[in-house]
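> need a structure here:
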Amino acid sequence: MVTAFIGAAAGYANLSLITWSQHHIPPPLMGRVVSFIGLGAMALVPVSQVVAGAAVAISLEAMLVVAGVGMAAVALAGACSTSARRMGLEPLTEPATAA
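Residues are numbered from 1 along each chain as shown. Next up, the predicted model:
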């Protein structure tokens, strides 16, 4: 049940991030920004799996506690960030016009 909720929330968060970036990033920078988002979402997965595997070899419980505390800290930092709380409230960027 919790896993289904986390999966649905992750899907919603990913879709919200892409939508927000398409509305707020200037078109000339869109490719770079989307590439950077993709790097974080896809390319770092193997790195995190190696780190998690090494941590599990030491202690499964400790790895789960550290991962949970780390995710909670990132969520709390986002909740305390004024700029993160204002996401979606700023005016949209104007589309680029052909010169």
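> all helices of the chain, in order?
Ranges of helices in the chain, per DSSP state H, are 2-24, 30-38, 45-58, 60-80, 82-85.
> comparing these, which yields the minimum mean pLDDT?
Lowest mean pLDDT within those: helix 82-85, at a mean of 79.
> and for that helix, what's in contact with it?
G78, A79 (C-beta atoms under 8 Å, 6 or more residues apart in numbering). Where C-beta positions appear, they are placed from N, C-alpha and C, glycine not excepted.
> so what's the gap between that helix and the chain middle?
14 Å (C-alpha atoms, centre = their mean, to the nearest Å).
> cool, stretch 48-66 as well?
Here the centre of stretch 48-66 is set off from its chain's centre by 21 Å, with C-alpha atoms, centre = their mean.
> burial measure for the closest residue to A67 other than its chain neighbours, as a count.
In this structure, A67 finds its nearest non-sequential neighbour in A52, 7.5 Å apart by C-beta to C-beta, 6 or more residues apart in numbering. For A52, the count of nearby residues is 14 (other C-beta atoms under 10 Å).
> does A52 really touch L60, like I thought?
No. With contact defined as C-beta atoms under 8 Å, A52 does not reach L60; the gap is 10.1 Å.
> lovely, talk soon.
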